[in-house]
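Trainee: Prediction below, plus the sequence it came from.
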Amino acid sequence: MATPRWDTKKNRWVLDVCVDGIRKQFTSAQEGRKGLKEVNTKYQAWLMNETTGVKTVDQVAKQYFDDLQARRGLNCPTYIQYEGYYRLHIAPKLGKYKMNKVSLRMWQSVLNEARGQKAPLSKKVLSNIMALINSLVKYGYQNFECDLLRGKLFVPTGHPTKEKAILTKTEVRKIFAYESNKIYYPLFCWLLVTGMRPGEGLGLQIGDIEGDEIRIKRSVNAQGIITQGKNENAKRVIPLGSTAKRILEETIQRNKDLKLDTEWIFCSDEGGIGSQSTMRNHWNELKAELGLNKEVTCYGLRHTFVSLMKGVLPDQVIKDIVGHSLSMRTFETYGHITESEAVESAEIIDLTFNSITQAK
């Protein structure tokens, strides 16, 4: 790197540089350290902008997120999650650097130094940040902004792996024995007996019921936007046993009794599309009323279903019912259930929940 010099003839600091074949001179008429600092500041500002034709990490990231938004929508969960990770953990550290000057070690330092505001980041969050970095570098490489990483990134050791909070059988029994007028109470029971994601439950319509099955065609995200689901396995068919059928029938009848002319099964108070925020509020109120585990979220009802079924259904059948993607490590095998397996699975689920809810 060039060093500033004091030009005695013109009484000013001068810094001559050549970067990527481009020559540039920076000057300052201030004497002493102030002038020296001004020259270096001018040089750094020029180095970080587009003058050299090489984009900064911030500039490449903006293009990456614009492209992601165009392909998957502004309300895409991946876009929302990745934008937050970038803004909080990557931009402050590397945003002003030239994309082609960021080394593997510098990217790794983002992971090594990432911190949460209230608690250490979990292993899963760090894995997601690492996935964003890899996607960002790949995007930059495809657009001739940088080279691929010369090595692999690693999630630092020692970060906590958050355990999935689930309900006990006693708590499940409390929920089914409870009588509640909360609009989303039937949805909580439904999530327990089907293992659906909360957004998938909110996205169900009467027309999705096909005899002894219900077909998942859509999901409702936290912004109230209808999406195609979390992954390619989200669109699937769920076998319906007597318990699940009863929940559907009673909920649809309740909507009619409330004079809600709606196609949504688990609708809002007005009969419109359900709200995840209101659903969460109702769940928190129900937990307080019944004294349930405070750590269990609405999504934890899905985890509870998997936990209850792991001992009574084959792993691959559970994986197919809950719609886990091929890359998930929940189970080692994966297979689409046949019609006979679907009927048998529905019966086993019924027996399991009957034994729980009828126990004394």
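Mentor: Thanks, I have the structure now.
Trainee: Now do G300: how many residues are near it, please.
Mentor: Neighbours of G300 under the rule other CB atoms under 10 Å: 20. For the C-beta atoms, the positions are set from N, CA and C on the backbone; glycine is no exception.
Trainee: Output the below-cut-off pLDDT ranges for the stretch 51-200 of the chain.
Mentor: Low-confidence segments of the stretch 51-200 of the chain, defined by pLDDT under 70: 51-53, 159-162.
Trainee: doesn't I349 fall inside a helix?
Mentor: Yes. Counting by DSSP: H, G, I helix; E, B strand; the rest coil, I349 is found in a helix.
Trainee: Now for V39: which residues touch it?
Mentor: For V39, the contacting residues are 4, 13-15, 26-28, by CB atoms under 8 Å, 6 or more residues apart in numbering.
Trainee: So which of those residues belong to strands?
Mentor: Taking DSSP state E as the definition of strands, the contacts of V39 contribute 13-15, 26-28.
Trainee: which residues does I206 contact?
Mentor: Contacts for I206 (CB under 8 Å, 6+ apart) come out as 252, 263, 265.
Trainee: Phi, psi for Y141 please.
Mentor: Here the main-chain torsion angles of Y141 (degrees, to the nearest 10) amount to phi -60, psi -40.
Trainee: number of nearby residues for the residue nearest to it when sequence neighbours are not counted?
Mentor: If the residues on either side of it in the chain are set aside, Y141 comes closest to L148, at 5.2 Å by CB to CB, 6 or more residues apart in numbering. For L148, the count of nearby residues is 12 (other CB under 10 Å).
Trainee: The one 5 residues further on now?
Mentor: L153 has 18 neighbours, counted by other CB under 10 Å.
Trainee: likewise K294?
Mentor: Neighbour count of K294, defined by other CB under 10 Å: 10.
Trainee: Does it touch L286 like I think?
Mentor: No. In this structure, K294 is not within contact of L286 by CB atoms under 8 Å, at 11.6 Å.
Trainee: hmm, back to that, could you dump the ones in strands among the contacts of V39 into TSV with distance to L301 added?
Mentor: Supplementary listing: these in TSV, determined by distance: CB to CB, whole Å:
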residue	distance to L301
W13	66
V14	68
L15	63
F26	62
T27	67
S28	64
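Trainee: Now rank the residues you listed by neighbours and give me the top one.
Mentor: The member of the ones in strands among the contacts of V39 that has the most neighbours, counting by other CB under 10 Å, is W13 with 24 neighbours.
Trainee: beta partners for that one?
Mentor: W6, S28 (DSSP bridges).
Trainee: okay but it is in contact with L36, surely?
Mentor: Yes. Taking contact to mean CB under 8 Å, the distance of 5.9 Å between W13 and L36 places them in contact.
Trainee: Going by neighbour count, list what's buried in stretch 9-29.
Mentor: Neighbour-count burial for stretch 9-29, counted by 16 or more other CB atoms under 10 Å, picks out 12-13, 15, 19, 24, 26-28.
Trainee: Give me the average confidence score over it.
Mentor: Taken as a whole, stretch 9-29 has a mean pLDDT of 86.
Trainee: Show the end-to-end separation of that stretch, please.
Mentor: 12 Å (CA to CA, to the nearest Å).
Trainee: OK, contacts around K42?
Mentor: With the criterion set at CB under 8 Å, 6+ apart, K42 makes contact with 15, 26, 28.
Trainee: what do you get if the cut-off is 10 Å, keeping everything else the same?
Mentor: 13, 15, 24-28 (CB atoms under 10 Å, 6 or more residues apart in numbering).
Trainee: Would you state the helices of the stretch 201-350 of the chain in chain order?
Mentor: Listed from the start of the chain, the stretch 201-350 of the chain has helices (DSSP state H, counting those that start in this stretch) covering 242-257, 276-290, 298-309, 315-322, 339-357.
Trainee: Just put these in CSV and tack on mean pLDDT and distance to V60.
Mentor: Conversion of the helices of the stretch 201-350 of the chain to CSV gives the following (pLDDT from 0 to 100; distance: least, CB to CB, whole Å):
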stretch, mean pLDDT, distance to V60
helix 242-257, 96, 48
helix 276-290, 96, 32
helix 298-309, 92, 33
helix 315-322, 83, 37
helix 339-357, 79, 47
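Trainee: Select, out of these, the one closest to Q108.
Mentor: Evaluated with CB to CB, these place helix 298-309 nearest to Q108, the distance being 30.8 Å.
Trainee: Report the angle between the closest one and helix 315-322.
Mentor: With axes from the mean of the first three to the mean of the last three CA atoms, to 10 degrees as the criterion, the two stretches helix 298-309 and helix 315-322 enclose an angle of 150 degrees.
Trainee: contacting residues around the residue nearest to Q69 when sequence neighbours are not counted?
Mentor: Nearest residue to Q69 in three dimensions, chain neighbours excluded: Y79, at 5.6 Å (CB to CB, 6+ apart). Applying CB under 10 Å, 6+ apart, one finds that Y79 lies in contact with 65, 68-69, 71-73.
Trainee: Surely Y79 is in a helix?
Mentor: Yes. When classified by three-state DSSP, Y79 is found to be part of a helix.
Trainee: Which neighbouring elements make contact with the helix or strand hosting D66?
Mentor: Secondary structure assignment for D66, by DSSP states H and E: helix 57-72. If contacts are counted by 3 or more CB pairs under 10 Å, 6 or more residues apart in numbering; DSSP states H and E, helix 57-72 sits against helix 32-48, helix 77-85, helix 91-94, helix 123-142.
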